[in-house]
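Undergrad: Sharing a model that was predicted from the sequence below.
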Amino acid sequence: MEIDELNKMIKGCKKCRLSVTRMNAMCGEGNLNAKIMLIAQAPGEKEDREGKMFVGPSGKVLDELLNKAGIKRHEIYMTNLIKCMLPKYRRPKQDEIKTCSYYLNEEIKLINSKILAPLGYYATCYIFQRYGILSPSKAEFSSIYGRLFLAKDKKILPLPHPATLLYNPDFKEDLIKNYRKLQVLLKDCKWYLVCPMKRFYEEGKLDKKWIELYCKGDWGNCVRYRMEEEGRFHPDWMLPDGTLDERLQKEVKYEGYHYL
């Protein structure tokens, strides 16, 4: 299936009750070769009326957050979990998510972005379920925003929905910090080529997850990276999360490696 064919199906969809109350079923927008796919919950009133994504108040907030992160809209792909506006902004129902997720799944396959960034509770819950990641309780849910998860060939970065700032402006600095991680994920750690983690991985002595989550992922959260930037000593057998790996320590002592 091509994206044009999928979008035609979305625009004409009448699979659930939301087709009766919507004005426009919302197709995804943006770069078809994007490395990053943002997945929002559902279109708002202005989006429903104009048939375009993030053109309302949330869109202005999103633009500011992306600007702070150094990312342009044309660099990413944006879509929704639910393609039609939810009446009176109510929560999506499970049968609506189940029906509409077919379109999202097809978009994920067609665009094939390496980084999926679900925005808010429902989009994150769906993506976690799809990739077999356990969702935290509602009370602890905010703790996963800005944390990178690895699943199959995807990196998943849950983010708060931009609408959060419309109701809670005090969270602005937290959202800016979380959205800036999108830019971090677009490039490898500058120390990767000389980092012992690279060699350990290439020699089959280190699991790939460490490389994907840190060296080619959220390297700003790497303990090794931060200590290097601060000029602090860190042994070669220290993992990116700061854990000291005795097995790697033996490898270093046995082979007499000299790394960064």
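TA: Perfect, I can see it now. Numbering: from 1, shown residues only.

Undergrad: Just the terminal-to-terminal distance for stretch 28-45.
TA: Stretch 28-45 has an end-to-end distance of 16 Å (criterion: C-alpha to C-alpha, to the nearest Å).

Undergrad: and it, which residues are buried?
TA: Of the residues in stretch 28-45, 28-31, 34-44 count as buried by neighbour count, 16 or more other C-beta atoms under 10 Å. To be clear about C-beta, it is placed using only N, CA and C from the backbone, and glycine gets the same treatment.

Undergrad: What is the distance between it and the centre of its chain?
TA: Distance, stretch centre to chain centre, for stretch 28-45: 11 Å (C-alpha atoms, centre = their mean, to the nearest Å).

Undergrad: cool, and stretch 232-252?
TA: Stretch 232-252 sits 29 Å away from the centroid of its parent chain (C-alpha atoms, centre = their mean).

Undergrad: What of stretch 247-256?
TA: Relative to the centre of its chain, stretch 247-256 is centred 36 Å away, using C-alpha atoms, centre = their mean.

Undergrad: now swap in stretch 98-108 and tell me
TA: Put simply, stretch 98-108 sits 17 Å off its chain's centre (C-alpha atoms, centre = their mean).

Undergrad: Tell me the buried residues in that stretch?
TA: Buried residues in stretch 98-108, counted by 16+ other C-beta under 10 Å: Thr99, Cys100, Ser101, Tyr103, Leu104, Glu106, Glu107, Ile108.

Undergrad: Can you add pLDDT and give the residues you listed back as a markdown table?
TA: Shown next, in a markdown table, are the buried residues of stretch 98-108 (pLDDT from 0 to 100):
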| residue | pLDDT |
| --- | --- |
| Thr99 | 95 |
| Cys100 | 96 |
| Ser101 | 96 |
| Tyr103 | 97 |
| Leu104 | 98 |
| Glu106 | 97 |
| Glu107 | 97 |
| Ile108 | 97 |
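
Undergrad: Widest-spaced pair of these?
TA: Within the buried residues of stretch 98-108, two members stand farthest from each other by C-beta to C-beta: Thr99 and Ile108, at 16.3 Å.
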